[in-house]
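> I need the structure of the sequence given here:
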Amino acid sequence: MSEIRCIIARATSQNLVLIDEICRGTKTAKETCIAGSLIETFDSIDCLGVVSTQLLVIFNLSLTTKHIVNKAMRGVLVNGIAKPTYELIDGICPNSLAFESAEQECLPKVIIQRAEHLYNSVYKTDQMSEKFKGFYKVCNKQAGVQEVTISAMNGSPNQMEKLWKDIENVVCVICDKKLNESSSTKSTVRCVLLPPMELLPLSKVSAS
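The predicted structure is shown next:
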């Protein structure tokens, strides 16, 4: 906080401000809001800056800014494993490569496997359940699709495959309905599942 205070006190439109992991070391919810307020301040000063953060919740805040551009480090899937390309792209990084980075730095596999187990049991299952339960409720309301309950899922490959297939069917029903309402031409709807952090294939741009 003292470092940030010094920067804020001296920053002008003629300065370049670089902040790595803004507001690190304070409670997550509060540090996110402080970081958001600081970014608004830097934006109002019109100084050039680069701010890195792992506080993804910050992108859900209703910030009042004029010049902010979101960038992310691109990743690709190699044999089913996410790998960083060290390429800066437009957008927000949807997930972390923490486990991949730990493996790359030769952290013992037993520690990484235990970490993955803890993550899946505490974070991933809860987040996906809440997200998709809400998604299905919306789809059920809009398109008459039977609501699917997934809160009991344990995340096994077969269950996840069925879940994605159910989501694909729901999306197709909604899109097909909307397209047929707005056009006299019959359209064929097909879902294309993009890997994490991947952009839409060029062949699909302007055609989807």
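> what about R74, helix or strand, and which?
Using DSSP states H and E, R74 sits within strand 71-78.
> quick one: the strands in the chain?
For the chain, the strands defined by DSSP state E cover 16-19, 48-51, 71-78, 81-90.
> tell me the contacts of the nearest residue to D20 once chain neighbours are set aside?
Closest residue to D20 apart from its sequence neighbours, by Cβ to Cβ, 6 or more residues apart in numbering: S52 at 5.2 Å. Any C-beta I mention is one placed from the backbone N, CA and C, and that applies to glycine too. The contact partners of S52, taken as Cβ atoms under 8 Å, 6 or more residues apart in numbering, are 19-22.
> what's the spacing between S52 and E168?
To E168, S52 is 35 Å away according to Cβ to Cβ, to the nearest Å.
> The residue nearest to D20 and V76, how far apart?
Distance, S52 to V76, using Cβ to Cβ: 21 Å.
> any idea which residue of the chain is furthest from its center?
S184 (35.9 Å; Cα atoms, centre = their mean).
> give me phi/psi at that residue?
Dihedral pair for S184: phi -80, psi -10, per degrees, to the nearest 10.
> separation between it and C175?
In terms of Cβ to Cβ, S184 sits 16 Å off from C175.
> How about I34?
Distance from I34 to C175, by Cβ to Cβ: 40 Å.
> Tell me how many other residues surround the spatially closest residue to R24 that is not a sequence neighbour.
Once flanking residues are discounted, R24 sits nearest to E31: 7.5 Å by Cβ to Cβ, 6+ apart. By other Cβ atoms under 10 Å, 20 other residues sit near E31.
> who's in contact with D43?
65-68.
> which two from those end up farthest apart in space?
Using Cβ to Cβ, the pair of these lying farthest apart is K66 and I68, separated by 7.6 Å.
> Looking at those two, which has the bigger crowd around it?
With neighbours defined as other Cβ under 10 Å, K66 and I68 compare such that I68 has more, 12 against 8.
> tell me the contacts of that one?
39, 43 are the contacts of I68 under Cβ under 8 Å, 6+ apart.
> Could you do the one 4 residues further on as well?
Residues near A72 by Cβ under 8 Å, 6+ apart: 88-93, 197.
> Most neighbours out of the residues you listed, which is it?
For those, neighbours tallied by other Cβ under 10 Å; top is M197, 21 neighbours.
> just checking, G91 touches M73?
No: the pair G91 / M73 is not scored as a contact, 10.3 Å apart, by Cβ atoms under 8 Å.
> pLDDT value on P94, please?
Per-residue confidence (pLDDT) for P94: 65.
> sorry, that was for K109
The model's pLDDT for K109 equals 91.
> same check, this time on H67
We have a pLDDT of 90 for H67.
> Once you drop chain neighbours, what's closest to it?
For H67, ignoring the flanking residues on the chain, the nearest one in space by Cβ to Cβ, 6+ apart is D43 at 5.6 Å.
> What of E116?
Closest residue in space to E116, ignoring its immediate chain neighbours: F99 at 5.9 Å, by Cβ to Cβ, 6+ apart.
> ok, now how distant is that neighbour from N15?
For F99, the distance to N15 - Cβ to Cβ - is 37 Å.
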